[in-house]
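# predicted model and sequence follow; I will ask about them next.
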Amino acid sequence: MTRDALSRAERALWACALLAAVGASAVLVLGDGDVPWLIRTGEEIVRRGALPRDDPFAYTPRTVPLHHEYLTEVLLYGLYRAGGVLALTAAQCLLLVAFVLAAAQAPTPEGRARPFGGASALALAAGAMLLRELLTLRAQSLSDVLTTLVFVAVLRDHAGDARALPATLPLGLVWAQLHGGNPHHTVLLGLGWLAAPTRRRFGYTVAAAALTCASPNGPRVHAHYLHGTPSLHLIKEWQPLHRVL
């Protein structure tokens, strides 16, 4: 076996070890209390064949619910119907694997692909053990994976890869259905444009902003976030450190 073939075999072996370690680390972390509600909502959407225009779980609804993550709800219902909790657990493992492998695609400062060897595999596996407490089966976790992919694409674009930014547009379209109104796609492309302004990068930033409205909810999807401002003080990420620690 040649040195190049041995090197490829070693990388493949470490990749398999990483996948096994990362996947196994998520097996026992299916504890998000929102998952049953998301599954039941997905069932209701499938049963009606449309987004509910009322709140089927409230006796006295005051507002019409905005299903900004309807596709996530439908996917979770499909997984549960196909394989129950086992299918949901497997999906959570794959979600964690996807997040870690997406992060591993970031280029070096010189624009080269990062070498994938034993040390990097172990580092990613160790990071995955920490991330498993944060990534759960919900729309935000899917957004975390997509955010990582777009961030890597911005880095690749600045490294000279002209194909990187076009690949983010299909991601943005899917993103609008999985977690509608999430601004991370637009923000990351906007930061990439500000770092090195070009008309091309500005155009992709505008396109990303338009794609946030490319869902059944249209532009009103952003009302979900604007109307949620009174609850910001309940979110730990928005609190001062002295209140959290």
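Looks like it came in fine.

# where does the prediction get shaky in this protein?
1-32, 60-64, 108-134, 224-245 (pLDDT under 70).

# so in it, which helix runs the longest?
helix 70-103 (DSSP state H).

# tell me what it is packed against?
Identification of packing neighbours for helix 70-103 by 3 or more CB pairs under 8 Å, 6 or more residues apart in numbering; DSSP states H and E yields helix 3-25, helix 35-48, helix 118-131, helix 139-158, helix 168-178. Where C-beta positions appear, they are placed from N, C-alpha and C, glycine not excepted.

# which of the residues in that helix are buried?
For helix 70-103, the neighbour count (16 or more other CB atoms under 10 Å) marks 70-77, 79-80, 88-89, 91-93, 95-103 as buried.

# can I assume His222 is in contact with Thr186?
No - assessed by CB atoms under 8 Å, His222 is found out of contact with Thr186, at 11.3 Å.

# comparing those two, which shows the higher neighbour count?
Thr186 (20 against 17; other CB atoms under 10 Å).

# quick one: that one from Leu75, how far?
24 Å (CB to CB, to the nearest Å).

# next one: Gly83
From Gly83 to Leu75 the distance is 13 Å (CB to CB).

# and Ala90, by the same measure?
Applying CB to CB to Ala90 and Leu75 gives a distance of 13 Å.

# again with Arg81
In terms of CB to CB, Arg81 sits 11 Å off from Leu75.

# and what of Ala207?
Counting by CB to CB - Ala207 and Leu75 are separated by 25 Å.

# next: Val174.
11 Å.

# same deal with Leu142?
Distance from Leu142 to Leu75, by CB to CB: 9 Å.

# for Ala98, same thing?
From Ala98 to Leu75 the distance is 14 Å (CB to CB).

# and for Ala196?
The value you get for Ala196 to Leu75, if CB to CB is used, is 36 Å.

# over to Gly203?
Taking CB to CB, one finds Gly203 at 31 Å from Leu75.

# now do Val187
From Val187 to Leu75 the distance is 25 Å (CB to CB).

# one more: His179?
12 Å.

# what's the answer for Asn182, then?
From Asn182 to Leu75 the distance is 16 Å (CB to CB).

# again, but for Arg138
11 Å.

# tell me, how many residues neighbour Leu38?
21.

# show me what contacts it?
69, 72-73, 76-77, 137-138 (CB atoms under 8 Å, 6 or more residues apart in numbering).

# just Ala87 next, same as before
Ala87 neighbours (CB under 8 Å, 6+ apart): 79-80.

# could you rerun that using 10 Å?
76, 78-81 (CB atoms under 10 Å, 6 or more residues apart in numbering).

# please apply the same query to Val46.
Going by CB under 10 Å, 6+ apart, the list of residues near Val46 reads 73-74, 77-78, 81.

# go again with 7 Å.
Contacts for Val46 were tallied using CB atoms under 7 Å, 6 or more residues apart in numbering; they are 74, 77.

# do the same with Pro197
For Pro197, the contact set (CB under 7 Å, 6+ apart) is empty.

# going by contacts, tell me the helices and strands next to the helix or strand Tyr204 falls within.
According to DSSP states H and E, Tyr204 maps onto helix 199-211. Packed against helix 199-211, as judged by 3 or more CB pairs under 7 Å, 6 or more residues apart in numbering; DSSP states H and E, are the following elements: helix 168-178, helix 184-195.

# and it, which residues are buried?
Those would be 201, 204-205, 207-209, 211, for helix 199-211 by 16+ other CB under 10 Å.
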